[in-house]
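[1] mind folding the following:
(chains A, B and C)
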Amino acid sequence: MSEQLELVPAPAAPRRRARTPASDVPLAADEPVATVLVDTPLAHLDRPFEYAVPADLAQSARPGVRVRVRFAGRDHDGYLLARTSTAEHSGRLAPLRTVVSPEPVLTPEVLAAARAVADHYGGTLADTVRLAVPPRHARAERSVPAEAEPGGRPLDPAPADPSPEQVWAAYPAGPALLRRLRAGEAPAASWLALPGEPPGHDWPQAVASALRETVLGGRGALVVVPDRRDVDRVLGTVGKAVGEDEVVRLTADLGPEARYAAFLRVLRGHASVVVGTRASAFAPVRRLGLVVCWDEADDLHQEPRAPYPHTREVLRLRARSEGAGLLLGGFTRSVAVQRWVQEEVLAPVSGGHAALRERAPRVVVAGEGHQEERDAAARTARLPGVAVRALRTGLEHGPVLVQVPRQGYVLGLACQDCRTRLRCGVCHGPVGAGDRRAAASCRWCGSELAPEHPCEECGSLRRRTTGVGDRRTAEELGRAFPGTRVVSSGGDHVVDEVGDAPALVVATPGAEPWCAGGYAAVVLLDGWRLLERASLDAAQEALRRWCGAAALARPVGGSPGRRREVGVVLCGVPPHGSVPAVEALVRWDPAWLAARELSDRAELGLPPLVRHVEVTGPAGAVDQAGRALVAAGMHLLGTLPTADTAPAGPGAGPDPQVRATLSQGEGQAPEAVRAVRADRSARKTQDVVRIRIDADSGA
DNA sequence: TCAATCCGTATC
DNA sequence: ATACGGATTGAC
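    So this is what the prediction gives:
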């Protein structure tokens, strides 16, 4: 090690070195070379570098530990990936400066997953590992007990109540799924959860049952849900199923110390089951046997930091590389998952006919079926009579839920006659208008919609312009139900749960309070507002939100008397025969809508069959990056100004913020993106553009 | 002829 | 990024 081959003639005089030469430090006798992943944001340096291991670090410098190294003249953090006896690098190796902590926080399994995720999104390994390993907290390292003995604790064999078999009995494919999880196999499934949620048979119970079988089979598991409320809801049920001590909660809102402590409990083998939000998808669960993503179509599963991975993708890659089972669940199914189902990557697990008939809520579309409400006026009334009657009747039996879409979506444009959303004539992207007077244009390529552009569905030339402001919901409801207790949930006032006492619960989508006994009626207002969002996913997302609320309705079950009284009323949409999302809700057939969407998109060459890349930032930089991607084989759909978040520093940015959308042409999207990122970081200064693959940029 | 500066490139 | 080497330019 003391001498290296010199490829160029040595300088006449030995150069004096400003810093300590490596040869001064005695090196580790065994495997004196360390491969290190240096934590740098520079994309073109996205590869491991080798360092010499000083003798005094020989023991602590083990794979997976955090280290500090000198890199490009500065100290950097990094992870030790491997120890070897000889170096690939021909030059002199700098020594490791320190081992930050002997804790091997980056396990081989997580490293492999991070690599796969980075490759999939054309991102850097360093960025991805930053998402996977929480920041160190020294006190937490001291407070968590040392490594658990490898033997593991036997799970208490007491029979679960209800048994996993009972919970999954309503799903024809359920028993096989449980058996395979117990047997250590790796089933992969798209699970369409049944609504209705009778106590003991709701989705958290189903998740808990699957986890129990996995743990009984001697393996660990991971559950990723969209938000903190869902974590709380799942945690109790899962704790009962597998033992409180086996479960750990892993969410960002714990704060640095508690979060790192929870991470260490998993890493050191004290807990075998993790329940958390998207950041927990990389948790170092030992002998990973099952990964679950609940409500996989919720965009909270989309990570907002580079390389912007989606939970369902992270879990799919992890399950594959670690041989674990994969369960992607929800009341609805995303188009991405539908594709995997059709490609037989995932097996469909859905309720049987009988269970569906029993548990699917009865959905009424306001404006149908009642003679006096067939006319257009009734359809556009915000609170139609049929909804008022359902609420009034429901309030005699318990709480009722009214879902009101939030304001402020970028509205799209729809056909006046059948209300199908209009698509761009050039690239089939979603069409929208900032306000009623603005010309309608494509959200992707910017093309203005021709005035005579006919509806693809019915050929009509008439368009529905939307954007009517309203804040009258609470007022109207208050007038309609004087003296009733009103609970409002949404925005920064989210209510977690309501009791069984009658109350009028008004909530925005996703903020519906959980109600143990189920709501006696559910009314979905202003359906058009969801349907007409200028997003590729508008129909899917509308159904997801409706189903999320409708699933909270009290099951009407076998009692024929009550069947007529209660259920779900969808308001503000055209008759369901012409709107797929409405039809899917009425029939409770989310797979049908997903399949329909997927085949539409296949025909039009849209995601997920074609990958999209979105570049945002100052116009000049975006233009440059866009051209590089085009040179790499991608197809530029268009570049648009982004109205939002114009920071416009004090005279700093003459360049307006824009967003370019590209689709995958010939080349491979991740490779093109990786190359462009590397190129930009190699010479350009601060990388202000954001490049995302597979983002639904709609709104 | 030497030093100050620019530019390109590697970063272990 | 930033540190370094080699090339370039400018003044003695």
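
[2] anything in stretch A:54-64 sitting right up against DNA strand B?
    No - on the criterion C-beta under 7 Å from any atom of the strand, stretch A:54-64 is out of touch with DNA strand B, staying 12.0 Å away. Where you see a C-beta, it was placed from the backbone N, CA and C, and this is true even at glycine.

[3] name the helix or strand for residue A:638, please.
    strand A:635-641 (DSSP states H and E).

[4] partner strands of that strand, with direction?
    When pairing is defined by DSSP bridges, strand A:635-641 lines up against strand A:657-663 (antiparallel).

[5] wait, what's in contact with the one residue sitting closest to the centre of chain A?
    With distances taken as C-alpha atoms, centre = their mean, residue A:301 lies nearest the centre of chain A, 1.4 Å away. Applying C-beta atoms under 8 Å, 6 or more residues apart in numbering to residue A:301 gives the contacts A:224, A:226, A:278, A:293, A:295, A:310, A:311, A:312.

[6] thought the last one was touching residue A:334?
    Yes - using C-beta atoms under 8 Å as the test, residue A:312 is close enough to residue A:334 to be in contact (7.4 Å).

[7] what do the two both touch?
    Joint contacts of residue A:312 and residue A:334 (C-beta under 8 Å, 6+ apart) are residue A:296.

[8] which of the two has more neighbours?
    residue A:334 (29 against 23; other C-beta atoms under 10 Å).

[9] can you list contacts of the one helix or strand residue A:266 maps to?
    If you go by DSSP H and E, residue A:266 is part of helix A:256-267. The contact list for helix A:256-267 (C-beta under 8 Å, 6+ apart) reads A:103-105, A:107, A:133-137, A:139-141, A:143-144, A:248-252, A:254, A:271, A:274, A:283-286.

[10] what packs against the next helix or strand after it?
    Using DSSP H and E, the helix or strand that follows helix A:256-267 in sequence is strand A:273-276. Other helices and strands packing on strand A:273-276, by 3 or more C-beta pairs under 8 Å, 6 or more residues apart in numbering; DSSP states H and E, are strand A:220-224, helix A:228-242, strand A:247-250.

[11] to residue A:417, which of these lies closest?
    helix A:228-242 (39.5 Å; C-beta to C-beta).

[12] flag every buried residue along the closest one.
    Neighbour-count burial for helix A:228-242 flags A:228-235, A:237-239, A:241-242 (criterion: 16 or more other C-beta atoms under 10 Å).

[13] what would those residues look like in TSV with distance to DNA strand C and pLDDT?
    As requested, these are exported to TSV (distance: C-beta to the nearest atom of the strand, whole Å; pLDDT from 0 to 100):
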residue	distance to DNA strand C	pLDDT
A:228	36	93
A:229	41	92
A:230	40	95
A:231	38	97
A:232	42	94
A:233	45	92
A:234	43	96
A:235	43	96
A:237	49	94
A:238	45	96
A:239	47	95
A:241	50	94
A:242	47	94
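
[14] near DNA strand B, which of those show up?
    Okay, of the buried residues of helix A:228-242, nothing touches DNA strand B (C-beta under 7 Å from any atom of the strand).

[15] state the pLDDT value of the residue of chain A found nearest DNA strand B.
    Per C-beta to the nearest atom of the strand, residue A:72 is where chain A lies closest to DNA strand B, at 2.8 Å. pLDDT for residue A:72: 92.

[16] ok, now which ones touch residue A:418?
    With C-beta under 8 Å, 6+ apart, residue A:418 has these contacts: A:455, A:457, A:458, A:460, A:574, A:578, A:579.

[17] next one: residue A:625
    Here residue A:625 is in contact with A:615, A:617, A:660, A:676, A:680, A:689, A:691 (C-beta under 8 Å, 6+ apart).

[18] then residue A:462?
    A:415, A:416, A:417.

[19] what of residue A:307?
    Residue A:307 touches A:117, A:118, A:121, A:122, A:123, A:124, A:127, A:128, A:692, A:693, counting by C-beta under 8 Å, 6+ apart.

[20] ok so, going back, which of the contacts of residue A:462 has the largest number of neighbours?
    residue A:415 (22 neighbours).

[21] enumerate every residue touching that one.
    Residue A:415 neighbours (C-beta under 8 Å, 6+ apart): A:421, A:422, A:455, A:457, A:458, A:460, A:462, A:463, A:464.

[22] mind redoing it with 6 Å?
    A:455, A:460 (C-beta atoms under 6 Å, 6 or more residues apart in numbering).

[23] ok, what's across the strand from it?
    Counting by DSSP bridges, the residues bridging with residue A:415 are residue A:463.

[24] which is the next helix or strand following the helix or strand of chain A with the lowest mean pLDDT?
    Sorted by mean pLDDT, DSSP states H and E, the helices and strands of chain A end with helix A:376-380, the least confident at a mean of 46. Proceeding N to C from helix A:376-380, the next assigned helix or strand is helix A:385-395, under DSSP H and E.

[25] quick one, grab the pLDDT at residue A:16.
    For residue A:16, pLDDT reads 36.

[26] just give the closest residue to the residue of the stretch 201-350 of chain A found nearest DNA strand C, not the sequence neighbours.
    Relative to DNA strand C, the nearest point of the stretch 201-350 of chain A is residue A:306 (16.4 Å; C-beta to the nearest atom of the strand). The shortest distance from residue A:306 to any non-neighbouring residue, by C-beta to C-beta, 6 or more residues apart in numbering, is to residue A:127 (4.7 Å).

[27] checking the one you found next. Helix, strand or coil?
    helix (DSSP: H, G, I helix; E, B strand; the rest coil).

[28] counting neighbours, what do you get for it?
    For residue A:127, using other C-beta under 10 Å, the count is 24.

[29] quick one, longest strand in chain A?
    Counting residues, the longest strand found in chain A (DSSP state E) is strand A:74-84.

[30] what is the subsequent helix or strand relative to that strand?
    strand A:96-104.

[31] could you say what helices and strands that next one packs with?
    strand A:65-71 (3 or more C-beta pairs under 6 Å, 6 or more residues apart in numbering; DSSP states H and E).

[32] for DNA strand B, what are the nearby residues on the stretch 51-200 of chain A?
    A:51, A:52, A:70, A:71, A:72, A:73, A:87, A:89, A:91, A:92, A:93, A:94.

[33] the second one against residue A:96, yeah?
    In this case it means residue A:52. No - contact criterion C-beta atoms under 6 Å: residue A:52 and residue A:96 do not qualify, at 7.2 Å.

[34] ok, the two, which is more surrounded?
    residue A:96 (24 against 20).

[35] per-residue pLDDT, that one?
    At residue A:96, pLDDT is 97.

[36] from the contacts of residue A:307, which is closest to DNA strand C?
    Of the contacts of residue A:307, the one sitting nearest to DNA strand C (C-beta to the nearest atom of the strand) turns out to be residue A:124, at 13.4 Å.

[37] ok, that closest one - contacts?
    A:43, A:46 are the contacts of residue A:124 under C-beta under 6 Å, 6+ apart.

[38] ok, it to residue A:287 distance?
    Per C-beta to C-beta, to the nearest Å, residue A:124 is found 29 Å from residue A:287.

[39] counting neighbours, what do you get for residue A:94?
    Counted with other C-beta under 10 Å, residue A:94 comes out at 18.

[40] for it, which non-adjacent residue is spatially closest?
    Per C-beta to C-beta, 6+ apart, closest to residue A:94 is residue A:70, 5.1 Å.
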